[in-house]
Each structure stands twice: as structure tokens, then as C-alpha cells.
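1. here are the coordinates; sequence isn't available:
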Ligand SMILES: Nc1ncnc2c1ncn2[C@@H]1O[C@H](COP(=O)(O)OP(=O)(O)OP(=O)(O)O)[C@@H](O)[C@H]1O
Ligand SMILES: CC(=O)N[C@H]1[C@@H]2OC[C@@H](O2)[C@@H](O)[C@@H]1O[C@H](C)C(=O)O
């Protein structure tokens with residue numbers, strides 16, 4: 001089959017903005033080949049970030065706001081795609097698809113005891129709006145398919161990590177440090193069903209919220225770890241934070257702002273009274289690093305499972321204090337960044353969702369059950385084409401599949 005152009009869109013749990021990447025893609029599964037053509041990032045304006053954050057908590061969300069933001073975000077995503085195409089001087093008719101993660105506003109991987117209390121997850125940014133604004137077929141809403149098969153609905157990038165990082169000689173932990181941290185473990189020369197993946201716990205989410213509070217809304221993250229590097233790690237607070245029950249849960253497991261959001265940060269702040277602000281930031285940053293290392297020794301490493309390389313991605317890889325702490329907690333492993341593998345840490349997830357979307361369109365499974373905990377492989381994603389030419393383009397591709 002011919003090479004195709006597609007666009008991946010990622011708007012992650014940090015609520016920092018949307019990454020858009022234009023790629024050329026061919027092949028499928030382990031034979032997938034991807035080339036990045038161009039990219040663009042849109043930072044959320046502070047009112048949009050604030051409105052999205054409100055939707056993540058039952059106390060501040062409302063049905064009306066969720067409905068509106070779903071459509072608003074679909075339009076924002078579409079306008080970013082149009083800008084990216086202008087920048088790259090590519091016409092919409094040349095692009096087969098746009099694949100969007102959407103903005104997670106709630107993630108509930110486990111059900112409760114009541115009949116209707118089943119697992120669920122919600123990513124907003126309407127696909128019909130996205131297709132209408134761009135004139136291109138839109139793919140998205142991946143997580144519910146995995147959940148329908150009994151999986152956690154995350155981490156989905158595990159499918160792409162296996163394609164990109166499986167190596168005959170090296171066992172690898174591919175660690176994302178976004179809002180939440182998640183790892184894909186790929187033993188050397190792995191078969192797909194040997195891949196393991198789970199959310200390690202907090203990524204930058206707790207650091208960001210604490211920085212936002214102590215700087216009185218002036219800063220939304222600890223740029224280059226500057227605040228943390230002026231502080232000292234407080235051992236007593238660190239030990240207390242390590243007692244969080246999520247860290248002891250066995251995988252498959254996933255989490256989000258529901259566990260590590262505002263009320264958790266309230267409790268960190270009340271456990272830190274009297275400590276200088278810099279010490280609090282240094283301690284939660286060290287904690288993020290320690291939860292990662294600790295989860296490897298608890299849940300991955302064993303006499304038969306070793307880790308040779310750790311490959312860090314996501315925004316946390318740009319925080320030198322966090323990276324230094326990670327190296328300290330992982331003394332016998334080689335710690336790389338995605339850039340060491342010619343991949344941008346910023347764009348990795350957008351590229352990954354483009355790959356997932358392409359697999360949905362060609363009808364191939366794009367998930368790894370051993371990673372998400374699903375009972376069987378599924379094709380994740382839903383498709384919207386609001387204009388005939390988008391539908392026809394997809395039909396032509398499918399005609400060529402046989
Ligand atoms: N130069 C930097 N110094 C320190 N931290 C940084 C820097 N650049 C980015 N970050 C951190 O990375 C975060 C964004 O990371 P990223 O974009 O990977 O998250 P995300 O994709 O929203 O989250 P997730 O992967 O959980 O969905 C920012 O909120 C910030 O905390
Ligand atoms: C529900 C949800 O949006 N989960 C995200 C979040 O951000 C990081 C971590 O938690 C991960 O499991 C997942 O995203 C990535 C992209 C994934 O599914 O691989």
C-alpha cells in the first residue's frame with residue numbers, strides 16, 4: 001500500500017496544550033514506518049486551561065460546560081490542523097486522516113459494587129467538529145474500545161513503544177513523564193504478549209499544581225527545575241508521600257487527576273507546613289522520580305526480568321532536577337531521552353496517536369492486551385467524516401486494501 005499522510009493530535013493530562021504532528025506513514029504493526037514532516041504546538045490560553053481543569057473535578061464541572069467544551073475543543077483542534085497544513089504547504093485533500101487523543105476529563109479504570117458503577121473514561125474534543133473544520137476524516141476516542149474488552153483503557157502508547165523500541169539485545173523501560181507517569185516494559189527480543197505497561201503514578205501533575213499555588217498563579221510549571229534546585233529534599237515528607245496506596249497496587253493499573261489532583265495537593269500542602277516552598281517542590285520532584293524507580297523494582301524486575309535501558313519522554317524529560325533524581329534512583333541503568341533515539345519527547349505521543357488512528361482506519365488491532373489488561377486484542381477508535389470527499393478518500397484506501 002502507498003505511503004499516506006496523516007496528522008496526530010495530543011492534548012495530555014498536564015493541560016498544557018495541544019501538540020500536532022504531520023507524518024508520512026506506511027506498513028502496519030511491527031513493520032510500521034513513520035516520518036515526521038512538520039509539527040506545531042498550541043499552548044492553551046490560561047482561561048481555557050482553567051475551564052478544562054474545572055471539568056476534571058465533579059465539584060466544578062457541569063453538564064453544560066462539558067457539552068460546550070467538547071465542541072469548543074473540537075474546533076480548536078481543527079483550527080490547529082488547518083494552521084499546520086498552511087505551515088507545511090500541504091492541501092487537506094493530500095491528507096488521509098487526523099487522529100486525535102482528545103482531552104481526558106475523567107478516567108475511572110475500575111468499577112464499584114453497584115450495577116451501574118462500571119469503568120469508564122471520557123476524552124472530549126468532538127470528532128465531527130474536527131472533521132468539519134478540517135474537511136478530513138477524523139479518528140479518535142480510542143480508550144473505550146480497550147475498556148470494552150476489559151482493559152484499563154491505558155496506557156495505549158505501549159503498542160507504539162513496542163514497534164519503536166523492541167530490541168534483540170536490550171530490555172527496555174520506556175518511561176513517559178507527562179501529567180501522569182507511565183511505563184512500557186519491553187524485554188529483549190520480546191513477543192508482543194510479553195510487553196507490560198502501567199501508570200507509575202504522578203508525572204508533573206503534582207509539581208505543576210504546587211508551583212502554581214506557591215507562585216500565586218504566576219508559573220504553571222517549574223521551568224528547568226529551577227525552583228526545585230534551590231531547595232532540599234525533605235526525607236520525612238518524601239517517606240510520607242511514598243505511602244500513597246496507588247504505588248502499592250499491582251498492574252495493570254492506571255490513574256489520573258482523580259487521585260493526584262487538587263485534593264491530593266491540599267493534603268501535600270498540609271503535610272508540608274513550615275517547609276520552605278523550594279523544599280516542597282524539590283521533595284515532590286524527587287518523589288516523582290522515586291515512584292518510577294520503586295515501581296520498576298516492585299513490579300517489573302525479577303531474576304528473569306531485567307532492565308538495561310530506561311528511555312525517558314514527555315515534558316518531565318526537560319526538567320534537569322527530575323532527570324538528576326531519576327539517575328540517582330536508577331544507578332545501574334542507562335538513562336536515555338527519546339531524543340537519543342531521534343524522537344522528540346514533546347511529539348512522541350502525537351506521533352503515537354497518528355499511528356493508532358492509521359491502524360483503526362486500515363482495520364488492524366492497535367492495542368496490546370498484556371499491557372492494558374484487556375481480554376483480547378481490539379481495533380480502537382471511532383471515525384467521523386462529515387464531508388463526502390473525506391469519506392471517498394477513505395473508501396479509496398480501503399478499496400486498495402484487498
Ligand atoms: N523546560 C521544562 N522544565 C520543567 N518541566 C517541563 C519543561 N517542559 C515541560 N515540562 C513539564 O512537562 C509538562 C508537560 O508534559 P507533557 O506535555 O508530556 O504532558 P501531557 O502530554 O500533557 O501529559 P500525559 O502524558 O500525562 O497525558 C509540563 O506541564 C511541565 O510540568
Ligand atoms: C486516561 C488518560 O488520559 N491517561 C493518560 C495519562 O497520561 C499519561 C498516562 O496517564 C497514560 O496512561 C495515558 O496516556 C498515554 C498517552 C497512554 O495512554 O499511553
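-> Alright, I've got the coordinates. Small disclaimer: the values here were computed from a predicted structure and weren't measured. Ligands and ions are numbered 1, 2, ... in the order given.
2. Any part of the helix of greatest length in the chain near ligand 1?
-> The longest helix of the chain (DSSP state H) is helix 63-88. No. Using Cβ under 6 Å from any ligand atom, helix 63-88 stays clear of ligand 1, with a minimum separation of 14.0 Å. Bear in mind the C-beta positions are built from the backbone N, C-alpha and C, glycine included.
3. Report the secondary structure state of the nearest residue in space to residue 381 that is not next to it in sequence.
-> Nearest residue to residue 381 in three dimensions, chain neighbours excluded: residue 360, at 3.3 Å (Cβ to Cβ, 6 or more residues apart in numbering). At residue 360 the chain is in helix, as set by DSSP: H, G, I helix; E, B strand; the rest coil.
4. circling back: next secondary structure after the longest helix of the chain?
-> Next along the chain after helix 63-88, taking DSSP states H and E as the criterion, comes strand 95-108.
5. gap between that following strand and the chain center?
-> Strand 95-108 has its average C-alpha position 10 Å from the chain's average C-alpha position, going by Cα atoms, centre = their mean, to the nearest Å.
6. relative to strand 95-108, how tilted is the following helix or strand past that strand?
-> For strand 95-108, the following helix or strand on the C-terminal side (DSSP H and E) is strand 120-124. Our comparison of strand 120-124 with strand 95-108, counting by axes from the mean of the first three to the mean of the last three Cα atoms, to 10 degrees, yields an angle of 130 degrees.
7. Which SSE is immediately downstream of strand 120-124?
-> Downstream of strand 120-124, the first helix or strand assigned by DSSP H and E is helix 127-134.
8. where does that next one sit relative to the chain's centre, distance-wise?
-> The answer for helix 127-134 is 22 Å, by Cα atoms, centre = their mean.
9. Next, the angle strand 95-108 makes with that helix.
-> Using the same axes, to 10 degrees: helix 127-134 against strand 95-108 is 150 degrees.
10. List the buried residues in helix 127-134.
-> Of the residues in helix 127-134, 127, 129, 130, 131, 132, 133, 134 count as buried by neighbour count, 16 or more other Cβ atoms under 10 Å.
11. Now do the same contact list for the closest residue to residue 43 other than its chain neighbours.
-> Leaving aside its sequence neighbours, residue 43 sits nearest to residue 17 (Cβ to Cβ, 6+ apart; 4.0 Å). Listed by Cβ atoms under 8 Å, 6 or more residues apart in numbering, the contact partners of residue 17 are 11, 41, 42, 43, 44.
12. switch to 6 Å and redo it
-> By Cβ atoms under 6 Å, 6 or more residues apart in numbering, residue 17 lies in contact with 41, 42, 43, 44.
13. Likewise for residue 230?
-> Counting by Cβ under 6 Å, 6+ apart, residue 230 touches residue 278.
14. hang on, the earlier thing: so how far is residue 389 from the residue nearest to residue 43?
-> Here residue 17 is placed at a distance of 30 Å from residue 389 (Cβ to Cβ, to the nearest Å).
15. Equivalent analysis for residue 323, please.
-> Separation of residue 323 from residue 389 (Cβ to Cβ) stands at 46 Å.
16. if we can go back for a sec, make JSON lines out of the contacts of residue 17 and add pLDDT.
-> Shown next, in JSON lines, are the contacts of residue 17 (pLDDT from 0 to 100):
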{"residue": "41", "pLDDT": "98"}
{"residue": "42", "pLDDT": "98"}
{"residue": "43", "pLDDT": "97"}
{"residue": "44", "pLDDT": "97"}
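17. Just the buried residues of the residues you listed.
-> Using 16+ other Cβ under 10 Å as the burial test, the contacts of residue 17 include 41, 42, 44 as buried.
18. got the residues you listed as TSV, with distance to ligand 1 and secondary structure columns?
-> Listed next are the buried ones among the contacts of residue 17 as TSV, based on distance: Cβ to the nearest ligand atom, whole Å; DSSP: H, G, I helix; E, B strand; the rest coil:
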residue	distance to ligand 1	secondary structure
41	9	strand
42	12	strand
44	10	coil
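19. Out of these, flag the one nearest to residue 277.
-> residue 44 (24.9 Å; Cβ to Cβ).
20. OK, contacts around that closest one?
-> Residue 44 is in contact with residue 17, counting by Cβ under 6 Å, 6+ apart.
21. can you give me phi and psi for it?
-> phi -60, psi 140 (degrees, to the nearest 10).
22. Compute the distance between it and residue 106, please.
-> From residue 44 across to residue 106, the span is 18 Å (Cβ to Cβ).
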